[in-house]
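S.K.: model this:
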Amino acid sequence: MEYFAKFTRHIGKPRKPPSPGASQLAKFEKAWKSAQSICYYQSKWRRMPVDQTPLPDHLVVMFDLLVQEDIRQSDADDSTTGACMEYLLGSNVLEDLVRLAEADEPIGVRRIIISNLTTLVSLTDDKLLVQKAVHNPILDILRSYSYHDPGADASVTLSAANIISAQQRLYDDDFVDLLYAICSKIRGEPMLLNIFFHDSKWLKSVEQRNFSSDSIAAMMRSVESLRSEGAANPTSYEFLLFSHLLHFVHREGKAGDTARTSLLFLLELATTEIMASTSGNTALERFILDDSGFAAILSATLCALYSQLPRSLQVSTGPAAVIPGSLPSYSADLQNAIESSIFSSGAANGSSGNSADRWTDGQGPVKSTNPEFRACLSSFASMLCFIQDVLFRCPSSHVCDQLLRSLRDNFLQSILYPSLLESSDTDGSSVAVMRYLETMLQVVRHESLVS
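M.R.: Residues are numbered from 1 along each chain as shown. Now for the predicted structure:
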């Protein structure tokens, strides 16, 4: 027995394995430090495309660890903040990443960061957006995101402009995905709207007062005085989320579909009481009516798409009628023409210019089986279908009435009615107009649009 006692004294107690949280945190910290090293200390990577650097792999590791941690805690019904998330919030990791995104060095890192932010917002709990260390960097991205038009720079060659435009499209696709993820969270928890929608004048006044936390009572009295001052002055709401989505509402493909769906999510909340407003309308409803240009942009988009259709048409035997479904993408030239038509100064008045001349050029009527024509007609029908969805799903009668008035004034009276009067059997223009009317009747189901 004494022999065995001596033997057991030399045997150490088994060490406890490290907790999963500690090991995950170690991986997270290592990945973040490696990412910082690439961006801040290793200059050789800065002018290289981000895909040729190890940075995307490190960022994927970080955000995967955050999502896995959130899922693990959700399954265990654990409401505490995980170790990786605690490090993210306490070290302002997202704030540093957004600064990298603005500089876009290495080239393309902005797209990678936006894509990973989308993953984080989509797959984690709704309450994460409430954290200041999360929603402030996202708001910074919304404020700093710009739409670069390479064609506006005379010093840029055509081939370089095409490369820049293609790169911008990739950025736009990821950016719209981020907007969709935020809108989905807001739809599930409408109070999150307060983070992204606010009275910009009131917020600026609050920031200028530089409130301190020593006197809560004094601060509350000052806030109340600001609110009373704001009641006497017209409000100015800022809703970057909505404004960005309107910029993509005319796009075809994934970005356009995602933007239109996101807008419907927000429009469903038009009558939700988020913050007090005047004139019997909710604040969001008042923003859509007075500050967003929503109705004018939708009607201008429809006018622009209609103006891209050929003035004369020859009906040929071919595929069935074009209806919204799987919509083919149209050419880059047509896309640029639509964008310039929508965002030009005359777009709100429904001016179409001479963009449809591209179909004529002495070639006679366009055949109805022409693939480019069918793509254009599909795009027109798709936008009309979206406008109809707005009328069906938006609970605000004021927003719907404004949209209907804008369609009547800008599209029906200024575009469609004159095209009917000018159509003739001799040049095929009457065939074209009747074909477009037939497509419209196939799409329209809403009572107000029919009437």
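S.K.: contacts for stretch 388-401 next, please.
M.R.: Here stretch 388-401 makes contact (Cβ atoms under 8 Å, 6 or more residues apart in numbering) with 260, 263-264, 267-268, 270-271, 281, 285, 288-289, 294-295, 298, 403-404, 443-446, 448-449. Yep, even glycine has a C-beta here, placed from its N, CA and C like the rest.
S.K.: what of stretch 432-441?
M.R.: Residues outside stretch 432-441 that contact it (Cβ under 8 Å, 6+ apart): 306, 309-313, 315, 321-323, 365, 368, 377, 380-381, 384, 419-420, 423.
S.K.: then stretch 47-58?
M.R.: With Cβ under 8 Å, 6+ apart as the test, stretch 47-58 has contacts from 31-32, 34-35, 38-39, 45, 105-109, 111-112.
S.K.: try stretch 113-130
M.R.: Applying Cβ under 8 Å, 6+ apart, the contact partners of stretch 113-130 are 59-60, 62-63, 66-67, 70-71, 74, 85, 94, 97-98, 100-101, 134-135, 138, 141, 171, 174-175, 177-178, 181-182, 184-185, 188-189, 192, 195.
S.K.: returning to what we had before: PyMOL command for the buried members of the contacts of stretch 432-441?
M.R.: Applying 16 or more other Cβ atoms under 10 Å to these, the buried members can be selected in PyMOL as follows:
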select buried, resi 306+309+310+311+312+313+322+365+368+377+380+381+384+419+423
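S.K.: so which of the contacts of stretch 432-441 sit within strands?
M.R.: Among the contacts of stretch 432-441, the members found in strands (DSSP state E) are residue 313.
S.K.: so of the contacts of stretch 432-441, which ones are in helices?
M.R.: Judged by DSSP state H, those include 306, 377, 380, 381, 384, 419, 420 as members of helices.
S.K.: CSV for those residues, including pLDDT and distance to residue 413?
M.R.: Listed next are the ones in helices among the contacts of stretch 432-441 as CSV, based on pLDDT from 0 to 100; distance: Cβ to Cβ, whole Å:
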residue, pLDDT, distance to residue 413
306, 94, 13
377, 92, 22
380, 94, 18
381, 93, 21
384, 95, 17
419, 91, 11
420, 90, 11
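S.K.: which of those residues sit farthest apart?
M.R.: Using Cβ to Cβ, the pair of these lying farthest apart is 381 and 420, separated by 18.4 Å.
S.K.: now the strands for the chain?
M.R.: 198-199, 237-238, 313-314, 366-367.
S.K.: which stretch in those has the least confidence?
M.R.: Among the strands of the chain, strand 198-199 has the lowest mean pLDDT, at a mean of 78.
S.K.: so how far is that strand from its chain's centroid?
M.R.: Distance of strand 198-199 from the chain centroid (Cα atoms, centre = their mean, to the nearest Å) equals 19 Å.
S.K.: name the helices or strands packed onto it?
M.R.: strand 237-238 (3 or more Cβ pairs under 8 Å, 6 or more residues apart in numbering; DSSP states H and E).
S.K.: packing partners of the strand it packs on?
M.R.: Looks like strand 237-238 contacts strand 198-199, helix 200-209, helix 283-290 (3+ Cβ pairs under 8 Å, 6+ apart).
S.K.: ok, now with 6 Å
M.R.: Here strand 237-238 touches no other helix or strand, going by 3 or more Cβ pairs under 6 Å, 6 or more residues apart in numbering; DSSP states H and E.
S.K.: done for today, thanks.
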